[in-house]
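> Next input, structure requested:
(one chain, ligands or ions: 1)
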Amino acid sequence: MYKIMTPGPVQVPENVRLARSRSTTNADLDPVFYDEYKELCELISSLLHTSNETLILSGEGILGLEAACATLTEPGDKVLVLDNGIYGAGFADFVSMYGGEPTLYTTNYLNEIDVDELTAYLEKHHDFKYATVVHCDTPSGVLNDVHKICPLLKSYGILTVVDSVSGMFGNPLDIEKGQLDVVCGGSQKAVSAPPGLTFVTVSDDAKKAMENRKVPVASFYCNLNIFKDYYKKQWFPYTMPISDIYGLAAAMENIKNDTELYARHHRIAKAVRKAIQAAGLENHLQSGFSDTVTVFNVPEGIHADDILEHMQRKHHIMLSGSFGNLAGKVIRIGHMGANANEADMTATMAALEETLNYLGWESEESLLSSFVKYLNH
Ligand SMILES: *Cc1c(COP(=O)(O)O)cnc(C)c1O
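The predicted structure is shown next:
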């Protein structure tokens, strides 16, 4: 058994696991389940500060991203893809796949998107149907200020698709205030349920664009329109994964009842980052630090795989490497959701310090004592 301190999937609390073992009904036929599904969708919307409709789909995070693009994109549509990370750039593939024409707005991968620079760009280029943006781009951990970026795009009539799979419920997200149109989440990040579900929240503006399209969506599973009036009709387009949904409901209740959620994430993230620095390690980013994941550069002379392997074998703790251009170069610590607690993070920092020392690296200040010190101020 490992303690999974990765940036998703994260640890799953016992009450979420137990909820998944509830006895089940026929999810297609039982009106009670339609009520439970709809109430859970409404709870998710309210936790994201909106009355926009949320739909829960049967598939993990990626399905939500693809469904958003599939349902919004008509052949020839111009789409602005904000790109300062691997998931950011990845949206261009979904846009092209459904016949859209992506324009990449690529900025430095070590920093959050600069809103002033984006403002200047948009003054000259704003002929887009929608834009995609990643809230927290998990491979580097960079956090974008979607509450500033989305209203700016909206002022040009550009709809937004926001991937907040690893951002929401670790960093605050307010859909109404930020005027976000389509927002994608997943069950296995800060939500702290097992992987398997994605949910998508859709504004009235986005819904209009989706419903008034001239060309049918070239997909069934990725077509959000197939859920239209599901409650009134008491009809789901496919059989809902009822046990996964019971687990998600318990996870969302945990979030609702957690009054310290964002303060705790922030305190832990800040302490990890400062401890990394005090120890003489290097935070990977220059700006845009998320409260859900910390990414540091692998010190010279040490291999990422050796760190990960020793952490698992000796300490039974899983951390992550990364992928794409970051493969082998960084280590990622996921302190989101159920992972964001002092006990697990203290154990992780102690284990990481022992591991780095074992591999021949010498810390400036103790990683563990710095973490404990910074937790408390
Ligand atoms: C995890 C994640 C996803 C979804 O990927 P999965 O295949 O479900 O793990 C999408 N976007 C971001 C930014 C993520 O971190």
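> Can you tell me which residues in the stretch 151-300 of the chain are near the ligand?
163, 165-166, 186, 189 (C-beta under 6 Å from any ligand atom). Glycine gets a C-beta too; all of them are placed from N, C-alpha and C.
> Tell me which of those fall in strands.
163, 186 (DSSP state E).
> May I ask which of the residues of the stretch 151-300 of the chain next to the ligand has the most neighbours?
S166 (33 neighbours; other C-beta atoms under 10 Å).
> what two of the residues of the stretch 151-300 of the chain next to the ligand are the furthest from one another?
D163 and K189 (10.8 Å; C-beta to C-beta).
> between the two, what contacts are shared?
G61 (C-beta atoms under 8 Å, 6 or more residues apart in numbering).
> I149 contacts N84, correct?
No. Look at I149 against N84 with C-beta atoms under 8 Å: they stay out of range, at 11.0 Å.
> Show me the helices in the stretch 201-350 of the chain, by range?
204-211, 230-233, 242-257, 261-278, 304-315, 342-358 (DSSP state H, counting those that start in this stretch).
> For A193, which residues are in contact?
12, 16, 187, 244, 247-248, 250-251.
> Just the buried ones from the residues you listed, in PyMOL syntax?
In PyMOL syntax, the buried subset of those is picked out as below (16 or more other C-beta atoms under 10 Å):
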select buried, resi 12+16+187+244+247+248+250+251
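> need the residues of the stretch 151-300 of the chain next to the ligand in CSV with pLDDT, can you?
Shown next, in CSV, are these (pLDDT from 0 to 100):
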residue, pLDDT
D163, 98
V165, 98
S166, 98
G186, 98
K189, 98
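> just curious, which of the residues of the stretch 151-300 of the chain next to the ligand is nearest to H303?
S166 (25.5 Å).
> Please tell me how far that closest one sits from H147.
Distance from S166 to H147, counting by C-beta to C-beta, to the nearest Å: 17 Å.
> try S51
S51 is 18 Å from H147, by C-beta to C-beta.
> Same question for L57.
25 Å.
> List the buried residues in stretch 143-151.
In stretch 143-151, counting by 16+ other C-beta under 10 Å, buried: 143-144, 146-147, 149-150.
> cool, stretch 85-104 as well?
85-92, 94-95, 98, 100, 102-103.
> Which two of those have the greatest separation?
It's G85 and Y98 that sit farthest apart of the buried residues of stretch 85-104, by C-beta to C-beta, at 21.7 Å.
> for the stretch 1-150 of the chain, what spans make up the strands?
For the stretch 1-150 of the chain, applying DSSP state E, counting those that start in this stretch gives strands covering 3-4, 53-58, 78-83, 101-106, 130-134, 136-137, 142-143.
> A278 is nearest to which of those?
strand 142-143 (21.8 Å).
> which helices and strands does the closest one pack with?
Contact partners of strand 142-143 among helices and strands, from 3 or more C-beta pairs under 8 Å, 6 or more residues apart in numbering; DSSP states H and E: none.
> Now do that strand: distance to the chain's middle.
What separates the centre of strand 142-143 from the centre of its chain is 11 Å, taken as C-alpha atoms, centre = their mean, to the nearest Å.
> Now do the same contact list for the residue of the stretch 1-150 of the chain found nearest the ligand.
Residue nearest to the ligand within the stretch 1-150 of the chain (C-beta to the nearest ligand atom): G61, separated by 2.5 Å. Contacts for G61 (C-beta under 8 Å, 6+ apart) come out as 163, 165, 184-186, 188-189, 198.
> State the pair within those that is farthest apart.
D163 and Q188 (14.2 Å).
> Need the buried residues of stretch 143-151 in a markdown table (columns: pLDDT and distance to the ligand).
Converted to a markdown table, the buried residues of stretch 143-151 look like this (pLDDT from 0 to 100; distance: C-beta to the nearest ligand atom, whole Å):
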| residue | pLDDT | distance to the ligand |
| --- | --- | --- |
| L143 | 98 | 11 |
| N144 | 98 | 11 |
| V146 | 98 | 12 |
| H147 | 98 | 17 |
| I149 | 98 | 15 |
| C150 | 98 | 16 |
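> Looking at the residues you listed, which are in helices?
146-147, 149-150 (DSSP state H).
> residue contacts, D114?
D114 sits next to T107 when contact means C-beta under 8 Å, 6+ apart.
> since we're on the residue of the stretch 251-377 of the chain at minimum distance from the ligand, how many residues are nearby?
Here the stretch 251-377 of the chain gets closest to the ligand at one residue, V293, 8.4 Å apart by C-beta to the nearest ligand atom. Neighbour count of V293, defined by other C-beta under 10 Å: 31.
> what sits up against stretch 300-311?
298, 317-321, 328-331, 351-352, 355-356, 358-361.
> Count the neighbours of L72 for me.
With other C-beta under 10 Å as criterion, L72 counts 27.
> again but with S203, I slipped
Should you count by other C-beta under 10 Å, S203 turns out to have 22 residues around it.
> Excluding sequence neighbours, find me the nearest residue to it.
Using C-beta to C-beta, 6 or more residues apart in numbering and skipping residues adjacent in sequence, the residue nearest S203 is D181, 4.4 Å away.
> With D244 instead?
Nearest to D244 is G196, by C-beta to C-beta, 6+ apart, at 4.8 Å.
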